[in-house]
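Trainee: I'll drop the sequence and a predicted model, then ask my questions.
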Amino acid sequence: MKTEVLQSGNIAVIFISIRPETSETYTFFDEATLQSASEIEGFLGWDSVRNGINGIFISYWKDGSAVEIWKNHTLHRRAKDLGKSEFYSFYRSLVTTISTVSEYQKDASI
């Protein structure tokens, strides 16, 4: 995923999960929450990787205030409740301040 230019001091929220299966409800909330996050001032983008049932999703934010708005967003809170009751057998969220950014991109079409 293309992100805005990340800088030292931005915030990364790292979501590590085990999701045994994907339902229509999960797909709806996945798409809706990503759309909602992208509408929050301070959302900078995301990266995601999945290998079978294991996944890592990283969202990037301008600052802690933007993360707090997302943390308390109504749709996101509902998705988190469903994540605990239906979607995930395990997840861990880590919130960290970015201290250094280094990027390389050989092919500009990626």
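Mentor: Now that the structure is in, tell me what you want to look at.
Trainee: which SSE is immediately downstream of the longest helix anywhere in the chain?
Mentor: Counting residues, the longest helix found in the chain (DSSP state H) is helix 24-38. Per DSSP states H and E, helix 24-38 leads on to strand 43-51 as the next helix or strand towards the C-terminus.
Trainee: partners of that following strand in the sheet?
Mentor: Applying DSSP bridges, strand 43-51 is found paired with strand 54-61 (antiparallel).
Trainee: and the strand it pairs with with helix 24-38, angle?
Mentor: 20 degrees (axes from the mean of the first three to the mean of the last three Cα atoms, to 10 degrees).
Trainee: need the contact partners of the longest helix of the chain.
Mentor: For helix 24-38, contacts defined as Cβ atoms under 8 Å, 6 or more residues apart in numbering pick out 19, 43, 46, 59, 70, 73, 75-76, 78-79, 82, 86-87. In short, each C-beta sits where N, CA and C put it, glycine included.
Trainee: which of those residues count as buried?
Mentor: Neighbour-count burial (16 or more other Cβ atoms under 10 Å) applied to the contacts of helix 24-38 gives Arg19, Phe43, Trp46, Ser59, Trp70, His73, His76, Ala79, Phe87.
Trainee: nearest to Ile11, of those residues?
Mentor: Ser59 (8.7 Å; Cβ to Cβ).
Trainee: roughly how far does that closest one sit from Leu75?
Mentor: In this view, Ser59 and Leu75 are 14 Å apart by Cβ to Cβ, to the nearest Å.
Trainee: ok so, going back, go ahead and produce PDB holding the CA coordinates of the longest helix of the chain.
Mentor: Only the C-alpha atoms of helix 24-38 are listed here, as PDB (Å, rounded to 0.1, in the frame of the first residue of the first chain):
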ATOM      1  CA  GLU A  24     -18.900 -12.100   4.900                       C
ATOM      2  CA  THR A  25     -19.300 -10.100   8.100                       C
ATOM      3  CA  TYR A  26     -15.500 -10.000   8.500                       C
ATOM      4  CA  THR A  27     -15.000  -8.800   4.900                       C
ATOM      5  CA  PHE A  28     -17.700  -6.000   5.400                       C
ATOM      6  CA  PHE A  29     -16.000  -4.800   8.600                       C
ATOM      7  CA  ASP A  30     -12.500  -5.000   7.200                       C
ATOM      8  CA  GLU A  31     -13.500  -2.800   4.200                       C
ATOM      9  CA  ALA A  32     -15.600  -0.400   6.200                       C
ATOM     10  CA  THR A  33     -13.100   0.200   8.900                       C
ATOM     11  CA  LEU A  34     -10.300   0.800   6.400                       C
ATOM     12  CA  GLN A  35     -12.500   3.300   4.600                       C
ATOM     13  CA  SER A  36     -13.400   5.000   7.900                       C
ATOM     14  CA  ALA A  37      -9.700   5.100   9.000                       C
ATOM     15  CA  SER A  38      -8.700   6.700   5.700                       C
END
